[in-house]
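Asks: Would you be able to build a 3D model of this:
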Amino acid sequence: MASDASPDVPKGRKRFIPLENNPDVMTGLVHKLGLSDKLAFQDVFSIDDPELLAFVPRPAHALLLVFPVSKTYEQFRVQEDKDKAEYEGHGPDEEVVWYKQTIGNACGLIGLLHSVSNGTARAYIRK
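Replies: Just a heads-up that it's a prediction; the model follows:
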């Protein structure tokens, strides 16, 4: 979730109520948006414990990482990204569909859209 001082969303701009980090809520949303009901979001309780990873249904098409955002993290990220050119690709020939977050607290929704718009999950979008 973007903080009130997020460098991505200037003060005074629109903000979302954050998307609930709940696999059932996320699955219901993407199904309403047109993703096949053959895919669903699942909780992942570890990314390095083989016993816990065994509970993750396969194949896994994407991973949404949820972590707390702090002022220190935001400063590090801005510093890390300052010399990178902004991605400007677009159109049907692009390999990656990318959405720029311009509304505060929309990081969950943007991550969710990235996860189903790219990679193998893209094939499950109903036309």
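Asks: Can you give me the pLDDT of R122?
Replies: For R122, the pLDDT comes out at 94.
Asks: Would you confirm that it contacts V116?
Replies: Yes. Between R122 and V116 there is a contact under Cβ atoms under 8 Å: 7.3 Å. For every residue, glycine as well, the C-beta is placed using N, CA and C.
Asks: Look at the residue in the chain sticking out farthest from the centre and tell me its secondary structure.
Replies: No residue in the chain sits farther from the centre than E51, which is 25.4 Å out by Cα atoms, centre = their mean. Secondary structure assignment for E51 (DSSP: H, G, I helix; E, B strand; the rest coil): helix.
Asks: Local confidence estimate at it?
Replies: E51 is assigned 97 on the pLDDT scale.
Asks: contacting residues for the closest residue in space to Q42 that isn't next to it in sequence?
Replies: Nearest non-adjacent residue to Q42, counting by Cβ to Cβ, 6 or more residues apart in numbering: P23, 5.5 Å away. Going by Cβ atoms under 8 Å, 6 or more residues apart in numbering, P23 touches A40, F41, Q42, D43.
Asks: Cross these against strands and list the overlap.
Replies: Per DSSP state E, strands hold no members of the contacts of P23.
Asks: Any quick PyMOL command for the buried ones out of these?
Replies: Burial among the contacts of P23 is assessed by 16 or more other Cβ atoms under 10 Å; the matching PyMOL selection reads:
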select buried, resi 41
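Asks: What about the contacts of P23, which are in helices?
Replies: Of the contacts of P23, none are assigned to helices by DSSP state H.
Asks: Distance to K82 and pLDDT added to the contacts of P23, as JSON lines?
Replies: Output for the contacts of P23, formatted as JSON lines (distance: Cβ to Cβ, whole Å; pLDDT from 0 to 100):
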{"residue": "A40", "distance to K82": "38", "pLDDT": "97"}
{"residue": "F41", "distance to K82": "33", "pLDDT": "97"}
{"residue": "Q42", "distance to K82": "36", "pLDDT": "96"}
{"residue": "D43", "distance to K82": "35", "pLDDT": "95"}
